[in-house]
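Engineer: Build me a structure from this.
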Amino acid sequence: MTARTSKRLRAVIFDFDGVIVDTEPLHFQTLAETLSEAGITITEAEYRDVYIVFDDESAIRTAFDRAGRDLSRAELTKWMEVKAERFIDCIKAGIPLFPGVKATIRALREEFPLTIASGALSHEIDAILDHHDLREEFLGVIAADDVEQGKPHPESYWRAATIINDVLEPEPPIDYSECLVIEDTVNGVKGAKQAGMQVLAVTNSYPANALTDADAVIDTLEGLTPAKLRALMK
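Structural biologist: Below is the predicted model of the structure:
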């Protein structure tokens, strides 16, 4: 499937962390705690500037590289497991959705097929979707453990679009340019644009002036309907 010039909107792909659920503070906390145990310190500013778009493997590799530290595969696996265990404990305690996002997902689902393309792990996403009764709203999920190259590489977005075509078999097939990605980070916007897709950025993690590469920027997904989305993307 190749990108064309059409701007027709036929499908919506959601990022997860920072768009549907407010997990970024917890990802920072659990990553920072894990790296601290390994003797590496990161600040919240560093997390937002460097790590926010990475999956756990890329984040830990990057932290060790930046610290000038060697990292064996066994050590990487160990620290990924430590971080994942900490994060699952946070999920069990309950992670809130962003205001109005559940109603927005259900409203958009009435007119658009929905998928998720995320840098989070599949078991984390599954647990949160189940907790908030949202699993059935999405045709599928592409998580960090489903791709060979994480964000900002466009693989996850392409695969999320492929799910829609495979499940629904629309005629004609939905093109990348007919997909809208909802993202919250600079690198997420970059990756979605590289995928040949339209991008709506929400200012949950970055200010609007940092997200200007998106086709449109909003402050909240609360109250977003299919009609408002189409108007916004014009």
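Engineer: can we go C-alpha only for contacts and neighbour counts from here?
Structural biologist: Noted.
Engineer: what's the distance between Leu221 and Gly100?
Structural biologist: Leu221 sits 7 Å away from Gly100, going by Cα to Cα, to the nearest Å.
Engineer: the more surrounded of the two?
Structural biologist: When Leu221 is set against Gly100 and neighbours are counted by other Cα atoms under 10 Å, the residue ahead is Leu221, at 23 against 14.
Engineer: just checking, the more buried one touches Lys102?
Structural biologist: No - look at Leu221 against Lys102 with Cα atoms under 8 Å: they stay out of range, at 9.4 Å.
Engineer: which ones are touching the closest residue to Leu221 other than its chain neighbours?
Structural biologist: Counting by Cα to Cα, 6 or more residues apart in numbering, Leu221 lies nearest to Val101, which is 5.9 Å off, once chain neighbours are set aside. Taking Cα atoms under 8 Å, 6 or more residues apart in numbering as the contact definition, Val101 lies against 20, 221-222.
Engineer: Could you name the specific helix or strand carrying Leu31?
Structural biologist: helix 24-37 (DSSP states H and E).
Engineer: So which bits of the helix or strand following that helix are buried?
Structural biologist: Beyond helix 24-37 in the direction of the C-terminus, DSSP H and E gives the next helix or strand as helix 44-46. Judged by neighbour count (16 or more other Cα atoms under 10 Å), helix 44-46 contains no buried residues.
Engineer: how far does helix 44-46 sit from the chain's center?
Structural biologist: Distance, stretch centre to chain centre, for helix 44-46: 19 Å (Cα atoms, centre = their mean, to the nearest Å).
Engineer: Also stretch 192-206?
Structural biologist: Its chain's average C-alpha position is 10 Å from that of stretch 192-206, according to Cα atoms, centre = their mean.
Engineer: Kindly report the same for stretch 54-68.
Structural biologist: With Cα atoms, centre = their mean as the basis, the mean position of stretch 54-68 lies at 18 Å from the chain mean.
Engineer: same deal with stretch 187-200?
Structural biologist: Taking the mean of its C-alpha atoms, stretch 187-200 sits 11 Å from the chain's own mean (Cα atoms, centre = their mean).
Engineer: which residues are contacting it?
Structural biologist: For stretch 187-200, contacts defined as Cα under 8 Å, 6+ apart pick out 3, 7, 53, 151-155, 157-158, 176-183, 201, 211, 213-218, 233.
Engineer: ok, 7 Å please
Structural biologist: The set of residues external to stretch 187-200 that reach it, using Cα atoms under 7 Å, 6 or more residues apart in numbering, is 3, 53, 151-154, 157-158, 176-183, 213-217.
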